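Asker: Output the structure for:
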Amino acid sequence: MIEQKIKKLFEEVGLGSVEHSIESVSGGFLHRMFKVSAGGRVYAVKYLNPVIMKRPCAVSNFTAAEKLESVIEDSGIPIVSALCFYNKKMQEVEGEYFYIFDWHSGQTTDWYCITSNQCRQIGNILGRMHALDPKCSATTVVEESKIDFDLYLNQSETMNHDLFMLLTESSALLRYAEDELNRARKLLPDIICISDGDMDPKNVMWENDQPYVIDLECLSYGNPISDALQLSLQWSGATVCDIDLSHIHAFFDGYLNAYDNGFRGYAEVFGLAYTWLEWLEYNLKRALGNCIGEDEKETGVKEAKNTLARIRCLYENEADIKRELALFKQNY
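Answerer: Purely as a prediction, here's the structure:
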């Protein structure tokens, strides 16, 4: 059904008839990607998750991200941007939404083979993004995380024994992580800038050692301190529970050489690393949902387990990471 809509999409935007079979390729956890040939060229097509697109603000959020994507592209920062047809990037076919990209032959890096030089390059790109339009934000009441993990614990008892056991043994850790997350959010300075908190290793393609940022649908304005801390940890191995402290240093070396707002208290706001709690809640909803397919549930279970492992890894390495982050007060 999706293949038929992609064929119709290509005809409607003037790319011609699809040649060969449409190939499903690996993508992110939320949307699906396809490799499509037409008119002698190859394209990547992103099929946007219909569950997400039903949210009231989904289309407007994507539209806002497209405008920021254009700002970044015009600045010369290396990204892979969606193609525009009839003055719009997002295309709709029979109630389904798509983006079309030129096909790039680069590859994402293996999570276990990330180098310090790559971390330095990504930190520099993030700094260049943050430097485009930084501004003081109005002081607002901090929105605290208030996740009802007891609810998911009770649901999992009858629906998924493995999750039930993991949530049971992690209950104290989750309370601690949420308290630290809320405390750190209150310490953030009132600064906002163009934010790409989704620029982790799976969303950067490398071609001849040159990085190109992909999956820019989450672009918005956000706090640069939060972005820098969380992405430094992801590029340093937190996502795969194998943290390399030297990679944190390399990331910030690249970042601070591109953008420096004077903030140095990254150790004090380490609790922002526990933003993984929000991804955990999203996947618990997927895993325990009654109105979604089995494939979606399986993905939810897998990601919930992975996310719990990441939170525990961050907790177990918290003291060492804070010591590394504290060095920036002395050396910069």
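Asker: Quick one, grab the pLDDT at Gly76.
Answerer: Note for Gly76: predicted pLDDT of 96.
Asker: ok, how many other residues are close to it?
Answerer: Neighbours of Gly76 under the rule other Cβ atoms under 10 Å: 8. To be clear about C-beta, it is placed using only N, CA and C from the backbone, and glycine gets the same treatment.
Asker: mind checking the backbone torsions on it?
Answerer: phi 90, psi 0 (degrees, to the nearest 10).
Asker: which residue sits closest to Lys202, ignoring its sequence neighbours?
Answerer: In this structure, Lys202 finds its nearest non-sequential neighbour in Thr108, 5.5 Å apart by Cβ to Cβ, 6 or more residues apart in numbering.
Asker: what residues are up against that neighbour?
Answerer: 201-206 (Cβ atoms under 8 Å, 6 or more residues apart in numbering).
Asker: Same question for Asp162.
Answerer: Counting by Cβ under 8 Å, 6+ apart, Asp162 touches 301, 305.
Asker: Helices of the stretch 201-332 of the chain, start to end?
Answerer: Remark: helices assigned in the stretch 201-332 of the chain by DSSP state H, counting those that start in this stretch are 224-235, 245-258, 276-288, 294-316, 318-331.
Asker: Just the angle for the longest one relative to helix 318-331, thanks.
Answerer: Translated: helix 294-316. Between helix 294-316 and helix 318-331, the angle comes out at 60 degrees (axes from the mean of the first three to the mean of the last three Cα atoms, to 10 degrees).
Asker: Quick check: buried residues in helix 294-316?
Answerer: 297, 299-301, 303-304, 306-315 (16 or more other Cβ atoms under 10 Å).
Asker: and the gap between Glu96 and Ala44?
Answerer: 16 Å (Cβ to Cβ, to the nearest Å).
Asker: who has more neighbours, the two?
Answerer: Higher neighbour count among Glu96 and Ala44: Ala44, with 20 against 17, using other Cβ under 10 Å.
Asker: one step back: please tabulate the helices of the stretch 201-332 of the chain in a markdown table, including the columns distance to Leu15 and mean pLDDT.
Answerer: Converted to a markdown table, those look like this (distance: least, Cβ to Cβ, whole Å; pLDDT from 0 to 100):
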| stretch | distance to Leu15 | mean pLDDT |
| --- | --- | --- |
| helix 224-235 | 34 | 97 |
| helix 245-258 | 37 | 96 |
| helix 276-288 | 33 | 95 |
| helix 294-316 | 29 | 94 |
| helix 318-331 | 47 | 89 |
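Asker: per-residue pLDDT, Asn290?
Answerer: What the model reports as pLDDT for Asn290 is 69.
Asker: Ignore what I typed, I meant His31.
Answerer: Looking at His31, its pLDDT stands at 85.
Asker: for the protein, what are the low-confidence residue spans?
Answerer: 27-29, 139, 290-291, 330-332 (pLDDT under 70).
Asker: Show me how it divides into domains.
Answerer: According to automatic domain parsing, the chain comprises the domains 2-102, 116-331.
Asker: where do the strands sit along the stretch 1-150 of the chain?
Answerer: 18-25, 32-38, 41-47, 91-93, 96-102, 135-136 (DSSP state E, counting those that start in this stretch).
Asker: how much distance is there from the last one to the middle of the chain?
Answerer: In other words, strand 135-136. 23 Å (Cα atoms, centre = their mean, to the nearest Å).
Asker: Which residues does it contact?
Answerer: 190-193.
Asker: Neighbour-wise, which one of those leads?
Answerer: When neighbours are counted by other Cβ under 10 Å, Cys193 leads these with 19 neighbours.
Asker: That one should be in a helix, yeah?
Answerer: No - Cys193 is assigned strand when assessed by DSSP: H, G, I helix; E, B strand; the rest coil, not a helix.
Asker: got the contacts of strand 135-136 as a markdown table, with distance to Phe328 columns?
Answerer: Formatted as a markdown table, the contacts of strand 135-136 follow (distance: Cβ to Cβ, whole Å):
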| residue | distance to Phe328 |
| --- | --- |
| Asp190 | 21 |
| Ile191 | 17 |
| Ile192 | 21 |
| Cys193 | 19 |
